[in-house]
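> Quick one: sequence plus predicted model below, questions after.
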Amino acid sequence: MTIPKRVRIVEVGPRDGLQNEKQTVGTSTKVQLISQLASAGLTNIEAGSFVSPKWVPQMAGSDEVFNIISSNLQPTYPEIIFSALTPNKIGMNRALEYGIKEVAVFAAASESFSQKNINCSIKESLERFNPVMAKARRNNIRVRGYVSCVLGCPYEGNIDPVHVAEVTHQLLDMGCYEVSLGDTIGVGTPATTAALLSELLSRISADKLAMHMHDTYGQALANILISLQMGISVIDSAVAGLGGCPYAKGASGNVASEDLIYMLNGMGIEHGVDLDKLLIAGNTISTALNRTNGSKVANALLSAG
Ligand code: HMG
Ligand code: MG
């Protein structure tokens, strides 16, 4: 298969990133980040999470964030999709308050991770998504699906690609327009990524899949390259490599958006993002969080002046 000419980047920093930062930032800092990402040209921004604030306190302010998005940012950037995680109908009802265009449901390919992350089995999680899907259909909202632990689980170790394919199929059958495959703890390698995609692509078309690679073991870009070579053209990333998953100990952030864009630039693949503006977003949020920027490209360009 040939490498795609254009890649759609789903920026997950404001959600996947900030949900796992030790320091909780306020609404104005979150909105500033989202606004800088929008101005950098990102067209898909996961801006928050309507989960239980007891489970993920960092996302408790998502109502305020989406209130500002709906009144200020969405009218300024009508083409941008600002999305949020909705694990159940309570989450979906919250999302509906803000005229959201897209939500995401999240399941796992590992039973233990499903229990730890959303307090129910995989089967129960899919049942909980039914009312979310029904409301989405009625309100013309697109639903994205996630499958976690596709290349390994912090509690169960290796995960069978056949099992990942089953959960992915179920999410697509329920009405998700695309499923993002999460290497939640970043343990995959190009070999395991290729084996997973060979299994999935034997029954699912490449345009229904996205890659969500955490960079814990420094394998994310290599795994993304293999995925591009196998025809995948939607990649999730987090500015400054922010975050991780609170229910996967030690998991670091997603591949840094700056690093992904540098690689795509070098390969002549279009993406529509202005790297200079993205660098400003990554450096601003890293300063606000009082942490080093997790993007190698951002640090290299900073020291090169
Ligand atoms: P539960 O405790 O089993 O739910 O949590 P429950 O239905 O029994 O409700 C308990 C309480 O929570 C009730 O309140 C509900 O009203 C409230 P109380 O009566 O005790 O006052 N509640 C809610 N409040 C606000 N919004 C809601 C909501 N739902 C219930 N939506 C639940 C189940 C799913 C809610 C919980 O486990 C949860 O919120 N988990 C969040 C997990 C999470 O956000 N994980 C990180 C995101 S996933 C991820 O990072 C992976 C990904 O990036 C891909 C990858 O990397 O692999 C996507
Ligand atoms: Mg994630």
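That came through fine. Residues are numbered from 1 along each chain as shown. Ligands and ions are numbered 1, 2, ... in the order given.
> rest of the way, CA atoms for contacts and neighbours
Will do.
> how about stretch 65-73: buried residues?
Val65, Phe66, Asn67, Ile68, Ile69, Ser70, Leu73 (16 or more other CA atoms under 10 Å).
> In helices, which of these fall?
Judged by DSSP state H, those include Val65, Phe66, Asn67, Ile68 as members of helices.
> quick one: the first one and Leu33 touch, right?
No. With contacts defined as CA atoms under 8 Å, Val65 does not count as touching Leu33, sitting 10.9 Å away.
> Quick one: residues contacting Val31.
Taking CA atoms under 8 Å, 6 or more residues apart in numbering, we find Val31 in contact with Val65, Ile68, Ile69.
> same deal with Gln36?
Counting by CA under 8 Å, 6+ apart, the residues that Gln36 touches are Lys277, Leu278, Ile280, Ala281.
> Report how many residues lie close to Glu64.
Neighbour count of Glu64, defined by other CA atoms under 10 Å: 15.
> I should have written Lys22 there, sorry.
Lys22, neighbours per other CA under 10 Å, totals 11.
> Secondary structure element holding it?
Counting by DSSP states H and E, no helix or strand carries Lys22.
> pLDDT at it, what is it?
What the model reports as pLDDT for Lys22 is 84.
> Just want to check the distance between it and ligand 1.
Separation of Lys22 from ligand 1 (CA to the nearest ligand atom, to the nearest Å): 14 Å.
> Could you look up the SS state of the nearest residue to Phe66 once chain neighbours are set aside?
Once flanking residues are discounted, Phe66 sits nearest to Tyr98: 6.1 Å by CA to CA, 6 or more residues apart in numbering. Under DSSP: H, G, I helix; E, B strand; the rest coil, the three-state class of Tyr98 is coil.
> what's near enough to touch Tyr98?
Residues near Tyr98 by CA under 8 Å, 6+ apart: Phe66, Asn67, Ser70.
> Just the closest of those to ligand 1, please.
Closest to ligand 1 out of the contacts of Tyr98 is Phe66 (14.1 Å), distances taken as CA to the nearest ligand atom.
> what's near enough to touch that closest one?
So, once contact is read as CA under 8 Å, 6+ apart, Phe66 ends up touching Ala47, Gly48, Tyr98.
> Confirm the second one sits in a strand?
Yes. Gly48 sits within a strand when classified using three-state DSSP.
> That one: neighbour count?
32.
> So for stretch 94-105, mean pLDDT?
97.
> bridging residues for the residue nearest to Pro87 when sequence neighbours are not counted?
Leaving aside its chain neighbours, Pro87 sits nearest to Val105 (5.5 Å; criterion: CA to CA, 6+ apart). Listed beta-bridge partners, Val105: Gly145 (assigned using DSSP bridges).
> got the contact list for Val105?
Contact partners of Val105, counting by CA under 8 Å, 6+ apart, are Leu85, Thr86, Pro87, Phe129, Val143, Arg144, Gly145, Tyr146.
> what does Gly48 give?
Contacts of Gly48 (CA under 8 Å, 6+ apart): Pro14, Arg15, Met59, Ser62, Val65, Phe66, Ser83, Ala84, Leu85.
> what do you get if the cut-off is 7 Å, keeping everything else the same?
Contacts for Gly48 were tallied using CA atoms under 7 Å, 6 or more residues apart in numbering; they are Pro14, Arg15, Met59, Ser62, Ala84, Leu85.
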